[in-house]
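Chemist: no sequence for this one, just the structure:
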């Protein structure tokens with residue numbers, strides 16, 4: 001594939017959609033707040049007669065204390081276990097009966113529930129969701145059964161997955177003091193001692209309308225949504241919610257390093273991460289946008305530096321990945337992962353990555369690199385809006401971390417304002433040894449015959 005074609009494809013795709021990368025056509029979004037504190041955000045999308053109804057609660061694993069990890073996720077499971085009106089097992093059966101689908105998710109910062117239907121089923125979605133917001137039954141019998149489902153999920157997704165297990169341990173080291181170190185699935189020791197009474201108290205503490213956001217996206221009328229929200233959610237009383245500060249890390253925790261060998265691991269993997277702020281914690285806030293552009297310069301697309309230099313030219317790595325959450329709740333990680341290519345070691349790929357980090361601080365960043373990254377991010381956002389589920393997800397997550405849905409509309413101008421000099425300065429400020437954690441995940445030694 002021609003790299004030049006890859007470089008400009010996001011621009012061509014956006015142009016084909018009739019959208020300017022600097023000034024996109026924004027969907028019509030309406031917000032209002034009920035008397036009980038429930039915030040409602042409605043985004044109209046009339047391209048198809050469908051609607052998604054989501055309720056987002058501002059609670060996740062970063063809200064949990066020692067001894068109670070995994071409780072937000074366990075409660076997510078129990079939210080399908082019934083009320084007096086909708087007994088255990090009936091919630092999803094009703095959704096399916098009326099042609100919809102539903103699910104839920106828990107992260108470090110929020111817990112969300114969604115139902116997707118034909119647009120005329122919105123009253124049903126609100127009736128079901130408001131009922132379990134106010135009237136959940138946390139049966140000890142149902143809990144005793146469901147906690148084993150949670151434990152099995154942990155076993156399958158983490159304990160029996162060497163890379164996931166390694167990342168979980170790496171996160172506890174990289175987030176030295178931040179509650180982001182807590183895995184959403186919870187630690188097994190805490191799952192072992194969790195009780196139905198614990199979940200009931202967690203539900204009473206956090207599942208209240210003034211700690212939630214109702215997001216409705218699709219072929220809807222905002223006035224109709226407001227009437228329905230008042231009908232189904234308006235009568236649920238508000239309760240006081242504990243104040244939980246943003247996850248913050250000490251500025252420079254120091255260089256940390258871990259070596260891990262897991263029995264079932266077959267592939268060596270390098271994990272690296274720098275402690276950095278997100279948009280919710282950066283000072284100045286512009287640093288977060290700079291970090292987002294920096295991530296793209298290093299690793300976003302086949303023309304990015306790490307893919308070009310370490311995978312194709314030096315061939316020291318067979319696979320490289322990175323992540324930076326611009327919209328995290330509090331401080332976050334600027335992380336890199338790499339798998340050494342045949343004939344190379346974890347130390348060699350680590351040294352090659354650190355060399356590219358140092359070059360980022362000194363080498364010029366071309367206008368073409370900057371445009372490639374900017375175009376790619378904006379094109380991703382454009383395509384994200386093709387899905388009402390993605391639209392709702394963006395709104396709900398931004399509201400849940402305290403930024404608000406309007407932040408996404410300012411993203412193009414904020415990213416376009418970032419300069420190459422700012423990226424070099426941010427690399428010198430944040431990508432430093434005193435913020436760095438490293439893990440060498442080794443393959444298990446071969447069994448002797």
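Modeler: The structure has been received and is ready for your questions. Quick caveat, the model's predicted, so the values are computed rather than measured.

Chemist: how about the spatially most central residue of the chain, what does it touch?
Modeler: Nearest to the mean C-alpha position of the chain, by CA atoms, centre = their mean, lies residue 107 at 6.8 Å. With contacts defined as CB atoms under 8 Å, 6 or more residues apart in numbering, residue 107 is in contact with 60, 61, 184. Using the backbone N, CA and C atoms, a C-beta is placed for each residue, glycine as well.

Chemist: before we move on, what SS does residue 335 have?
Modeler: When classified by DSSP: H, G, I helix; E, B strand; the rest coil, residue 335 comes out as strand.

Chemist: can I assume it is in contact with residue 325?
Modeler: No: with contact defined as CB atoms under 8 Å, residue 335 does not reach residue 325; the gap is 9.5 Å.

Chemist: and residue 223, helix, strand or coil?
Modeler: Under three-state DSSP, residue 223 falls in the helix class.

Chemist: about what we covered before: what's the overlap in contacts for residue 335 and residue 325?
Modeler: By CB under 8 Å, 6+ apart, no residue touches both residue 335 and residue 325.

Chemist: for the stretch 251-400 of the chain, what are the low-confidence residue spans?
Modeler: Nowhere does the stretch 251-400 of the chain drop to pLDDT under 70.

Chemist: Please enumerate the strands of it.
Modeler: 256-261, 269-276, 317-324, 332-340 (DSSP state E, counting those that start in this stretch).

Chemist: Pairing partners for the second one, with directions?
Modeler: When pairing is defined by DSSP bridges, strand 269-276 lines up against strand 332-340 (antiparallel), strand 436-442 (antiparallel).

Chemist: what angle do the first one and strand 317-324 make?
Modeler: With axes from the mean of the first three to the mean of the last three CA atoms, to 10 degrees defining the directions, strand 332-340 sits at 170 degrees from strand 317-324.

Chemist: Identify, out of the strands paired with strand 269-276, the most deeply packed stretch.
Modeler: strand 332-340 (a mean of 24; mean count of other CB atoms under 10 Å).

Chemist: secondary structure class for residue 145?
Modeler: Applying three-state DSSP: residue 145 is helix.

Chemist: again, but for residue 242
Modeler: What three-state DSSP gives for residue 242 is coil.

Chemist: Could you report the pLDDT at it?
Modeler: pLDDT, residue 242: 96.

Chemist: separation between it and residue 177?
Modeler: According to CB to CB, to the nearest Å, residue 242 and residue 177 sit 19 Å apart.

Chemist: Which of those two has more residues huddled nearby?
Modeler: Between residue 242 and residue 177, counted using other CB atoms under 10 Å, the more crowded position is residue 177 (13 against 9).

Chemist: so who does that one touch?
Modeler: With contact set as CB under 8 Å, 6+ apart, residue 177 has these partners: 248, 249, 250, 253.

Chemist: Please list only the buried members of the residues you listed.
Modeler: By neighbour count, with 16 or more other CB atoms under 10 Å, these hold 249, 253 as buried.

Chemist: any idea which of the contacts of residue 177 is closest to residue 358?
Modeler: residue 253 (20.7 Å; CB to CB).

Chemist: How about the contacts made by the nearest residue in space to that closest one that is not next to it in sequence?
Modeler: Nearest residue to residue 253 in three dimensions, chain neighbours excluded: residue 176, at 4.3 Å (CB to CB, 6 or more residues apart in numbering). Applying CB under 8 Å, 6+ apart to residue 176 gives the contacts 249, 250, 253, 256, 275.

Chemist: Looks to me like residue 176 is in a strand.
Modeler: No: counting by three-state DSSP, residue 176 is not part of a strand but coil.

Chemist: Run through who's touching stretch 395-406.
Modeler: Contact with stretch 395-406 is made by 29, 31, 39, 41, 43, 54, 56-58, 109-110, 112, 213, 215, 217, 246, 279-280, 327-329, 394, 407-408, as judged by CB under 8 Å, 6+ apart.

Chemist: quick one: which of those residues sit in strands?
Modeler: Here DSSP state E is the test, and the contacts of stretch 395-406 give 29, 31, 39, 41, 43, 54, 56, 57, 112, 213, 215, 217 as lying in strands.

Chemist: residue contacts, the fifth one?
Modeler: To tie it back to what came earlier, the one meant is residue 43. With contacts defined as CB under 8 Å, 6+ apart, residue 43 is in contact with 27, 28, 29, 30, 215, 216, 217, 391, 392, 395.

Chemist: Relative to residue 396, how far out is it?
Modeler: Residue 43 is 11 Å from residue 396, by CB to CB.

Chemist: likewise the fourth one?
Modeler: Shown here: residue 41 relative to residue 396, a distance of 8 Å by CB to CB.

Chemist: I'd like the mean pLDDT over stretch 121-140, please.
Modeler: Rounded mean pLDDT across stretch 121-140 is 98.

Chemist: How about stretch 180-195?
Modeler: Stretch 180-195 shows a mean pLDDT of 97 in the predicted model.

Chemist: which outside residues touch it?
Modeler: Contacts to stretch 180-195, defined as CB under 8 Å, 6+ apart, come from residues 60-62, 64, 67-74, 106-108, 140, 143, 147, 150-151, 153-154, 157-159, 168, 171-172, 174-175, 247, 328, 330-333.

Chemist: now the residues you listed: which count as buried?
Modeler: Among these, those scoring as buried are 60-62, 64, 68-74, 106-108, 143, 147, 150-151, 154, 158-159, 168, 171-172, 174-175, 247, 328, 330-333 (criterion: 16+ other CB under 10 Å).

Chemist: sorry, back to before: which among the contacts of residue 43 gets closest to residue 203?
Modeler: Set against residue 203, the nearest of those by CB to CB is residue 215 (20.7 Å).

Chemist: Measure how buried that closest one is and give me the count.
Modeler: 27.

Chemist: just checking, it touches residue 56?
Modeler: Yes: the pair residue 215 / residue 56 is scored as a contact, 6.6 Å apart, by CB under 8 Å.
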